[in-house]
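A.B. asks: okay, sequence plus prediction incoming.
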Amino acid sequence: MRERRAARESRRAREFEAFVAGAGGRLLHAATLLTGEPERDTAAAQRLLTAALARTYARWDRLRGEDPYDRTRMELAALFARRGHHYRHPRGGALDRLAPRERLVLVLRLYEGVAEEQTAAALGLPVERVRAICTRAVSMMRSGVPRQPSPPRRGGPARSTPTPTSTPPPPATPTGTPAAAPEAPGAPAGAPKTAGPPADAPKTAGAGS
């Protein structure tokens, strides 16, 4: 019985490693758009993605046919939705002129091609609210007007808004039907190499249970 368990855990580890090797670059790109970081400095995005991958790994044997990419993307969105206040200040990334919630909706809807209804369900928002946020985000990106910095904390100095290093071409204006999912981008600088199970997964004969 111990040998069978070890074999099962080894198989799970190999499958997970293959998944991360194939999808890690695209997932890191999505995480970097969410955190608002430039692609030359993705430390926060890598931490966010590592936490999302750890959750996917913990559920690996219970996915039962569910696409692990979709699962990880939803875990990434859920984690970012809870931690969005950490990423509200501009960092010089492609979408840093947007507020965290606007970034999240724009990335899911237009960069990842997730349907309005699925996005609304994942974020716990009405479909109309998701549509309005996405429209506002697209308008903001087209206008080229930097987002105003958040008010300083009491007693602290105001934070200046750095000029974004680059501005991506604006995505198409969303309609009720999601835009076609963009072609998976190449792994940006700092993309995870072929990874094994998350660092916090317990290790036995090859992987954590």
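C.D. replies: That came in fine, so what should we check first?

A.B. asks: how about the top helix by length along the chain: buried residues?
C.D. replies: Using DSSP state H, we find that the single longest helix of the chain is helix 2-35. The neighbour-count check on helix 2-35 (16 or more other Cβ atoms under 10 Å) flags 9, 12-13, 16, 19-20, 23-35 as buried. Any C-beta I mention is one placed from the backbone N, CA and C, and that applies to glycine too.

A.B. asks: just stretch 124-132 next, same as before
C.D. replies: Buried-residue list, stretch 124-132, by 16+ other Cβ under 10 Å: Leu125, Val130, Arg131.

A.B. asks: check stretch 55-63 too.
C.D. replies: Under 16+ other Cβ under 10 Å, the buried positions of stretch 55-63 are Arg55, Thr56, Tyr57, Ala58, Trp60.

A.B. asks: just give me the closest of these to Arg82.
C.D. replies: Comparing the buried residues of stretch 55-63 against Arg82 with Cβ to Cβ picks out Arg55 as the nearest, at 12.4 Å.

A.B. asks: is it true that that closest one touches Glu75?
C.D. replies: Yes. Contact criterion Cβ atoms under 8 Å: Arg55 and Glu75 qualify, at 4.5 Å.

A.B. asks: may I see the buried residues of stretch 55-63 organised as a markdown table, with distance to Asp96, secondary structure and pLDDT added?
C.D. replies: Below are those laid out as a markdown table (distance: Cβ to Cβ, whole Å; DSSP: H, G, I helix; E, B strand; the rest coil; pLDDT from 0 to 100):
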| residue | distance to Asp96 | secondary structure | pLDDT |
| --- | --- | --- | --- |
| Arg55 | 26 | helix | 96 |
| Thr56 | 27 | helix | 96 |
| Tyr57 | 30 | helix | 96 |
| Ala58 | 31 | helix | 94 |
| Trp60 | 33 | helix | 93 |
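
A.B. asks: mind putting those residues into TSV with distance to Thr119?
C.D. replies: Below are those laid out as TSV (distance: Cβ to Cβ, whole Å):
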residue	distance to Thr119
Arg55	19
Thr56	19
Tyr57	24
Ala58	24
Trp60	25
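
A.B. asks: excluding chain neighbours, what is closest to Phe19?
C.D. replies: Leaving aside its sequence neighbours, Phe19 sits nearest to Pro68 (Cβ to Cβ, 6 or more residues apart in numbering; 5.2 Å).

A.B. asks: now do the contacts for Arg55.
C.D. replies: Arg55 makes contacts with Thr72, Glu75, as judged by Cβ atoms under 8 Å, 6 or more residues apart in numbering.

A.B. asks: ok, now the one 5 residues further on?
C.D. replies: Neighbour list for Trp60: Arg12, Glu15, Phe16, Pro68 [criterion: Cβ under 8 Å, 6+ apart].
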